[in-house]
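Trainee: Need coordinates for the below:
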Amino acid sequence: MMAADGKMRPTNCMTTEQLFRLIQSVPSPKAEPFKLWMAQVARERLDEIKDPEISINRALFNYRQLGYSESWINQRLKSMEIRKDLTDEWKKHGLQDGIQFATLTDIIYKTWAGKTAKEYKEFKGLKKENLRDNMTNQELVLNMLAELSTKEISESRDPHNFKDHIQNAVDGATIAKNARTELEKKTGKKIVSPSNALSNDRLIDTKASVFDEDEESK
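Mentor: Numbering: from 1, shown residues only. Here you go, the predicted model:
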């Protein structure tokens with residue numbers, strides 16, 4: 001990795017999981033506060049698995065602490081519900097979480113926003129940050145419309161193969177694309193923006209969010 005002097009030097013690195021494992025193995029009493037914190041986080045995670053409402057309340061608290069408006073928070077939580085409804089519909093038809101979900105999600109983004117998830121994140125200057133947590137209110141609403149429409153179309157058509165699901169995703173997202181085009185025409189403002197819900201220069205890193213929405217799996 002590049003050192004402070006600008007030269008590339010061999011560097012020992014660890015993932016987050018490896019770092020936690022290292023802390024667990026340290027015998028020094030100075031490591032005890034970190035071990036206690038890790039135990040607390042693990043207990044909280046188990047509590048959330050038993051009672052998902054705890055996760056929602058924690059998300060509400062974290063979003064408020066980050067400075068999001070109540071209207072944006074409400075939309076964000078609603079977008080999680082709509083996303084889950086869509087993925088449940090996909091699972092009902094035997095689709096696999098991972099490459100298939102990511103492919104369909106990319107198609108939805110590409111159709112209504114003109115960008116894949118990766119392109120969208122690059123456009124917003126994101127790296128590991130969660131894409132939807134860095135969307136504006138307008139972007140969130142249109143993405144919800146795209147996913148809701150895709151789910152409704154899938155329910156009405158009863159797709160039999162992955163090709164059918166691709167067509168449903170295109171058709172559902174086209175509804176959001178048309179809404180975006182019409183709104184941009186009426187307002188003269190672009191909807192897909194490098195901005196986020198807080199400001200142009202503040203990106204929200206929620207990679208550790210308990211809500212896995214698959215948009216970053218590809």
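
Trainee: Can you tell me which helices and strands the longest helix along the chain packs against?
Mentor: Assignment by DSSP state H gives helix 162-187 as the longest helix of the chain. Applying 3 or more C-beta pairs under 8 Å, 6 or more residues apart in numbering; DSSP states H and E, we find helix 162-187 packed against helix 99-113, helix 137-157. For glycine as for every other residue, the C-beta is placed from the backbone atoms N, C-alpha and C.

Trainee: now it and helix 137-157, what's the angle there?
Mentor: 140 degrees (axes from the mean of the first three to the mean of the last three C-alpha atoms, to 10 degrees).

Trainee: per-residue confidence averaged over helix 162-187?
Mentor: Average pLDDT, helix 162-187: 96.

Trainee: buried ones in that helix?
Mentor: Buried residues in helix 162-187, counted by 16 or more other C-beta atoms under 10 Å: 165, 168-170, 172-177, 179-180.

Trainee: Need these in JSON lines (columns: distance to Leu19).
Mentor: Formatted as JSON lines, the buried residues of helix 162-187 follow (distance: C-beta to C-beta, whole Å):
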{"residue": "His165", "distance to Leu19": "39"}
{"residue": "Asn168", "distance to Leu19": "42"}
{"residue": "Ala169", "distance to Leu19": "38"}
{"residue": "Val170", "distance to Leu19": "42"}
{"residue": "Gly172", "distance to Leu19": "41"}
{"residue": "Ala173", "distance to Leu19": "39"}
{"residue": "Thr174", "distance to Leu19": "45"}
{"residue": "Ile175", "distance to Leu19": "45"}
{"residue": "Ala176", "distance to Leu19": "41"}
{"residue": "Lys177", "distance to Leu19": "43"}
{"residue": "Ala179", "distance to Leu19": "45"}
{"residue": "Arg180", "distance to Leu19": "42"}
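
Trainee: Now flag whichever of the residues you listed is closest to Lys124.
Mentor: Distance ranking of the buried residues of helix 162-187 against Lys124, using C-beta to C-beta, places Arg180 first at 16.3 Å.
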